[in-house]
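Undergrad: sequence-free structure coming up:
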DNA sequence: CGTCTTTAGCGCCCCCTGCTGGT
DNA sequence: ACCAGCAGGGGGCGCTAAAGACG
């Protein structure tokens, strides 16, 4: 594996290289999940305890991380939308939302249903679609065969 | 070097809307 | 006409991980 990291400092490079190891020395005493840094662990424990140190000054919402607060403020208060679509006037608070939006231009449908020919532009639409397969008389093998997805059949 | 902050990303859920087929 | 089911587009938040910044 060739690591293309281009950090200017050796210390940053050394830290980066640690992500290639599975070393996660900091364990949550509640759920036993482990984390690479104490900061990550602290944030995680806050999700257990309900501690939300980052409070919005314009409403009563509060968040575990500063990033969540910034995003909330963009959505609800500042309406800053840094991610602009190059093909229309759409703009979004989050990059992932822009990515999802762009698929409405390109028609790309990366999320294929394994049981029929339907494919979705985002993960949740596929999940929602899957509910239509969960009715009575549902037989996955038959459905896969119908979709031409069973090998040797 | 360790910690805090910022940025990036995935996931989950919900809402509104339009289409379609059954009644 | 009305309604239910379904998919498209999008808003908002939960949480984790990596990189940047700093004492």
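TA: Sure, I can see it. What you see is a predicted model; the values in this text were computed from it and never measured. Numbering: from 1, shown residues only, chains lettered A, B, ... in the order given.
Undergrad: phi, psi of residue A:79?
TA: Dihedral pair for residue A:79: phi 60, psi 30, per degrees, to the nearest 10.
Undergrad: Tell me how far the nearest residue to residue A:36 once chain neighbours are set aside lies from residue A:41.
TA: Spatial nearest neighbour of residue A:36, chain neighbours left out: residue A:24 (5.2 Å); criterion: C-beta to C-beta, 6 or more residues apart in numbering. All C-beta atoms are positioned from the backbone trio N, CA, C, and that covers glycine. Residue A:24 sits 9 Å away from residue A:41, going by C-beta to C-beta, to the nearest Å.
Undergrad: who has more neighbours, the two?
TA: residue A:41 (19 against 13; other C-beta atoms under 10 Å).
Undergrad: which stretch of helix or strand covers the more buried one?
TA: Assessed by DSSP states H and E, residue A:41 sits inside helix A:38-49.
Undergrad: quick one: is that helix near DNA strand C?
TA: Yes - Helix A:38-49 reaches DNA strand C (C-beta under 7 Å from any atom of the strand) through A:39-40, A:43-44, A:47.
Undergrad: Can you tell me what sits against that helix?
TA: A:26-28, A:30-31, A:33, A:35, A:51-53, A:64-65 (C-beta atoms under 8 Å, 6 or more residues apart in numbering).
Undergrad: what's in contact with the next helix or strand after it?
TA: Toward the C-terminus, helix A:38-49 is succeeded by strand A:54-55 as the next helix or strand (DSSP H and E). Residues external to strand A:54-55 that are found in contact with it (C-beta under 8 Å, 6+ apart): A:61-66, A:68-69.
Undergrad: Same list, those, but as JSON lines with neighbour count, distance to residue A:83 and secondary structure please.
TA: Output for the contacts of strand A:54-55, formatted as JSON lines (neighbours: other C-beta atoms under 10 Å; distance: C-beta to C-beta, whole Å; DSSP: H, G, I helix; E, B strand; the rest coil):
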{"residue": "A:61", "neighbour count": "15", "distance to residue A:83": "22", "secondary structure": "coil"}
{"residue": "A:62", "neighbour count": "15", "distance to residue A:83": "25", "secondary structure": "strand"}
{"residue": "A:63", "neighbour count": "18", "distance to residue A:83": "20", "secondary structure": "strand"}
{"residue": "A:64", "neighbour count": "19", "distance to residue A:83": "23", "secondary structure": "coil"}
{"residue": "A:65", "neighbour count": "15", "distance to residue A:83": "20", "secondary structure": "coil"}
{"residue": "A:66", "neighbour count": "10", "distance to residue A:83": "19", "secondary structure": "helix"}
{"residue": "A:68", "neighbour count": "15", "distance to residue A:83": "17", "secondary structure": "helix"}
{"residue": "A:69", "neighbour count": "19", "distance to residue A:83": "18", "secondary structure": "helix"}
